[in-house]
Each structure stands twice: as structure tokens, then as C-alpha cells.
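> pasted the sequence and its predicted model underneath.
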Amino acid sequence: MTTSGEWSTGLCDCGKDCSSCCLTWWCPCISFGRIAEIVDKGTTSCCASGSVYFLLTVFTGFECLYSCMYRTKLRNQYSLPKQPCNDCLVHFFCKPCALCQEYRELKYRGLNPSYGWQENMSKQSQGVVMPPVGPGEMKR
């Protein structure tokens, strides 16, 4: 299990979770929306955050300013270091890798972004906690 203070995987470890990597490559607004919903603890929906991300991408090209705020929130929630550099620089220069890393981080901490906040909380309250998936572990 990953503890506070360290990322579970590196920025360029996209191959450790091929499904989230493919989703982020083809539909980054969905990946971002899922991450934002979990990081905001359900106060914003995946659809709303993903739509804002999409509109910023289409009309300004500066969606990285929006997504870097969520990287900062995620880092603060788990006391993660600014690695390899400032959050906005990571999202500006390595946006797909940053989104993949954040998606993996939530999964490794027992929150599956594809379920959404409510379903994750429902499973936890029923005692069906998503076991953390370690980097590079085999899955069936």
C-alpha cells in the first residue's frame, strides 16, 4: 500500500495501467472529469468537470491551467511531493502522463475513478473496499 508522501508510480509509468492510459490518450476530458469528481469528493460531477476541460481545450488550449489545480488538490490530500516539477509545468508539458499518473494514484489508493465518488463511497460503507492495486501487479 502506498503511504502519504510518495507517488505510487512515476510520471512516465503509463504502461502500468493500460486501460487508463488508453482512455486518457483518446478521451482526456473523461479521465480528467473522473479524477476531478474523486478529488472534489463528489461536489462536482465527472460530466461537468470533463465538459469544462473540453471547452477549455477547444476554445483556449489552456486546459492545463484547470487540470493543474486538481493535481495540486490531489497532492495536498495525500501529501505528495511536487515531482518532477511544479504542477502547472507538469500539466503543460506532460499532460497525458500527468492525467495517467493521477488516475493511477487514485486507483492505487483504493478509489476507482471509473466508479465515481458515490459508488466508491457506497462500496466502502458496505465494507467492499477496493483493494489498492500495487504498481506492476498482475490483475485478472
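Yep, it's here.
> show me what the longest helix anywhere in the chain is packed against.
Using DSSP state H, we find that the single longest helix of the chain is helix 63-78. With contacts taken as 3 or more Cβ pairs under 8 Å, 6 or more residues apart in numbering; DSSP states H and E, helix 63-78 sits against helix 28-39, helix 46-59, helix 87-93, helix 95-108. C-beta: built from backbone N, CA, C; applies to glycine.
> Cys47 contacts Ile30, correct?
No - the pair Cys47 / Ile30 is not scored as a contact, 9.4 Å apart, by Cβ atoms under 8 Å.
> give me the more crowded residue out of those two.
When Cys47 is set against Ile30 and neighbours are counted by other Cβ atoms under 10 Å, the residue ahead is Ile30, at 20 against 12.
> does the more buried one really touch Cys22, like I thought?
No - between Ile30 and Cys22 there is no contact under Cβ under 8 Å: 11.1 Å.
> please work out which of the helices and strands packed on helix 63-78 is packed deepest.
With neighbours taken as mean count of other Cβ atoms under 10 Å, these reach their highest mean count in helix 28-39, at a mean of 25.
> so what touches that helix?
In this structure, residues lying in contact with helix 28-39 by Cβ atoms under 8 Å, 6 or more residues apart in numbering are 20, 23-24, 44-51, 53-54, 57, 63, 67, 70, 73-74, 77, 95-96, 99-100, 102-103, 106, 111, 113-114, 116-117, 120.
> relative to helix 63-78, how tilted is it?
30 degrees (axes from the mean of the first three to the mean of the last three Cα atoms, to 10 degrees).
> compute the inter-axis angle for helix 28-39 and helix 46-59.
Using the same axes, to 10 degrees: helix 28-39 against helix 46-59 is 140 degrees.
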